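Novice: Got a predicted structure here, sequence first:
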Amino acid sequence: MAILVVAEHDNSSLKSGTLNAVSAAQQIGSDVNVLVAGSNSRAVAVSAAQLTGVVKVIHADNACYEHQLAESVAPLVAEFGKSHTHVLAAATTTGKNLLPRVAALLDVAQISDIVEVKSEDTFVRPIYAGNALATVQSSDSIKVLTVRTTAFADAATGGEAIIEDTDFGVEQASTKFLGETLSVSARPELTSASIIISGGRGMQDGENFVLLEKVADKLGAAIGASRAAVDAGFVPNDYQVGQTGKIVAPDLYVAVGISGAIQHLAGMKDSKVIAAINKDEEAPIFQIADYGLVADLFKALPELEELLTE
Amino acid sequence: MKILVGVKRVVDANVKVRVKSDGTGMDLANAKMAINPFCEIAVEEAIRMKEAGVADEIIAVSIGPQVCQEQIRTALALGSDRGILVETEDQAEPLAVAKIFKAIIEKEEINLVILGKLSIDTDNNQVGQMIAALCNYPQGTFACSAEIKEGKIEVSREIDGGEQTVLLDLPAIVTTDLRLNEPRYASLPNIMKAKKKPIDIIQPSDLGVDISSNLKTLGIETPAERSAGVKVESVAELVDKLRNEAKVI
């Protein structure tokens, strides 16, 4: 039997988390199908079909899937999930919203946020904000899993899967989509950026984030923030890196004016290289930083920008 | 309108937890326990709805051993009207918890369920969505605002790219994110009054729910620690190291 990966997309392009979920699926077994539920989303099905190792793309194109509300998509995933051994999705806000609903419809458990595949029924997942790793075995007939995207590589492209259309559609009237406010940025997305520069409470106010932006533009970096900076209203909540925000693992993470609360570290400690700038030499962030600079960020950031210009 | 809130007993968020040396679990002996922070936000939201006159009664539910009554008492001191303890010594997994909630929702004719989006111990983020599936109710997960409007609830949800707003028919399930509200503290008079509020103690079997699970934890270990690197003296040295040593810029 095959493994089903639920694609995440915006009806025109596939989100990067799906590439990581497909990689995780390939570690479980070789027969991987991808389910694309959307509206006018042919382009997404076509890109999913190009992922290496994908055998079949199931494409449900229906107006009821336009906003991919869990109430509509879960019955579809559960219906197709029945003929699969595993159902996977990226552990993004979309995947986290959807997959437990699918698991309950299938009357099976879900294993959240897996970081390692031990075997077809055994997986490793972080608990206690990443302070511990639990190895969990499931004897359910269908294993429902969300995948921590930073723990698995991107699936390669170059495949040629078949696309099978389905007209399965669940109209539901009890949930109405009213709108979305999405941050528009020319910078890379936090969860897929190779360099991230993040600001914390030390930035003092939102306007000072322009100092980070100037450096980010030189590096082609995404901008993040600690929970303290988000709670203080410096930046919107989708900037938040940490246990309850986004989990990231870029090649370089630069923490500026961030003390290093455990909840923040849980979201970025798997970064390849961590650099920290903080005026407090006792800040916990220095205990995990590869390179630490004790300095006033208001002096260091303009200097950094200048040096990167050279 | 009747609101059901969940209050899970977890280790206090400020306690630094460690894995037991034999790898069977976390060392929580003598650790301070508290209401899961996301559940506190759920209780606060329910109280605000009652204060605004859109809710009549708030029922706080906890599932676990007898000591979970402490967390129910806290929810009562904050403003919940009564409590239900579903007593079990075994850890109930999210699917079983959802089945217990479904049984209570049906028995109590609940209009709105508010839960934390996750608990800070198991980090599952599943129960609200599972209840919604079992009851075939709409779900407003990771809420940063929730407002009752003409018999429906408008929920703004924190999503990866920003915010999404949905309008849900009642009954519905809402799960809380951090910025939904700032929970209050219980006042001493209210703590005293809470001692008189009723808590029903029932068993999962009373609700016809079997809490056995198909999940087995084989072991728990401490993740590899990251060690401190070097301190650099200047921005120029930092740039040099990143460029020539780490080769990341």
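Specialist: Received, thanks.
Novice: what's next to stretch B:233-249, contact-wise?
Specialist: In this structure, residues lying in contact with stretch B:233-249 by CB atoms under 8 Å, 6 or more residues apart in numbering or on different chains are A:195, A:219, A:251-252, A:272-273, A:275, A:277, A:290-291, A:293, A:295, A:300, A:303-304, A:307-308, B:230, B:232. Bear in mind the C-beta positions are built from the backbone N, C-alpha and C, glycine included.
Novice: Which of those are buried, as a ChimeraX select command?
Specialist: Per 16 or more other CB atoms under 10 Å in any protein chain shown, the buried members of the contacts of stretch B:233-249 correspond to this ChimeraX selection:
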select /A:195,219,252,273,275,277,290,291,293,295,300,303,304,307,308 /B:232
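Novice: Skipping its backbone neighbours, what lies nearest the residue nearest the centre of chain B in space?
Specialist: Compute the mean C-alpha point of chain B, and by CA atoms, centre = their mean the closest residue is B:Gly116, 3.0 Å away. Taking CB to CB, 6 or more residues apart in numbering or on different chains, and ignoring the residues beside it in sequence, B:Gly116 has B:Phe38 as its nearest neighbour in space, at 2.6 Å.
Novice: Please work out how many residues are found near the one you found.
Specialist: Neighbour count of B:Phe38, defined by other CB atoms under 10 Å in any protein chain shown: 24.
Novice: So what sits opposite B:Ile199 in the bridge?
Specialist: For B:Ile199, the residues forming beta bridges with it (DSSP bridges) are B:Gly83.
Novice: How about the stretch 101-250 of chain A: which residue is closest to chain B?
Specialist: Ranked by CB to the nearest CB, the top residue of the stretch 101-250 of chain A for proximity to chain B is A:Ala104, at 3.7 Å.
Novice: who in the stretch 201-310 of chain A is up against chain B?
Specialist: Within the stretch 201-310 of chain A, the positions lying close to chain B (CB under 8 Å from any CB of the partner chain) are A:219, A:227, A:230-231, A:236-238, A:243-244, A:246, A:251-252, A:262, A:269, A:272-275, A:277, A:281, A:286-295, A:300, A:303-304, A:307-308.
Novice: show me what contacts the residue of the stretch 101-250 of chain A closest to chain B?
Specialist: In this structure, A:Ala104 makes contact with B:Leu95, B:Ala98, B:Gln129, B:Met130, B:Ile131, B:Ala133, B:Leu134, judged by CB under 8 Å, 6+ apart.
Novice: Mind checking what secondary structure it has?
Specialist: helix (DSSP: H, G, I helix; E, B strand; the rest coil).
Novice: For B:Pro198, list the residues it contacts.
Specialist: With contacts defined as CB under 8 Å, 6+ apart, B:Pro198 is in contact with B:Arg82, B:Gly83.
Novice: Okay, it and B:Gln69: tell me how far apart.
Specialist: Taking CB to CB, to the nearest Å as the measure, B:Pro198 and B:Gln69 are separated by 12 Å.
Novice: shared neighbours of these two, anything?
Specialist: With contacts taken as CB under 8 Å, 6+ apart, the residues that reach both B:Pro198 and B:Gln69 are B:Gly83.
Novice: one step back: name the helices or strands packed onto the helix or strand containing the residue nearest to B:Gly116?
Specialist: When secondary structure is defined by DSSP states H and E, B:Phe38 falls within helix B:37-51. Contact here means 3 or more CB pairs under 8 Å, 6 or more residues apart in numbering or on different chains; DSSP states H and E; on that basis helix B:37-51 packs against strand B:2-6, strand B:57-64, helix B:69-78, strand B:112-116, strand B:139-149, strand B:172-176.
Novice: So for A:Val57, which of those sits nearest?
Specialist: With CB to CB as the measure, strand B:139-149 is the member of the helices and strands packed on helix B:37-51 nearest A:Val57 (27.0 Å).
Novice: Next SSE downstream of the closest one?
Specialist: According to DSSP H and E, the helix or strand after strand B:139-149 is strand B:152-159.
Novice: What lies in contact with that next one?
Specialist: A:93-94, A:97, A:178, A:180, A:237-238, B:112, B:140-147, B:163-170, B:172, B:174, B:177, B:179.
Novice: Could you point out the helix or strand that follows that strand?
Specialist: Following strand B:152-159 in sequence, per DSSP H and E, is strand B:162-169.
Novice: Just grab the bridge partners of the residue nearest to B:Ala42 when sequence neighbours are not counted for me.
Specialist: With sequence-adjacent residues excluded and distances taken as CB to CB, 6+ apart, B:Ala42 is closest to B:Ile114, at 4.2 Å. Here B:Ile114 sits in beta bridges with B:Val5, B:Val174, as judged by DSSP bridges.
Novice: how far away is B:Ile114 from chain A?
Specialist: In this structure, B:Ile114 and chain A are 16 Å apart, going by CB to the nearest CB, to the nearest Å.
Novice: who's in contact with that residue?
Specialist: For B:Ile114, the contacting residues are B:Ile3, B:Leu4, B:Val5, B:Gly6, B:Ala42, B:Val43, B:Glu45, B:Ala46, B:Ala146, B:Val174, B:Thr175, B:Thr176, by CB under 8 Å, 6+ apart.
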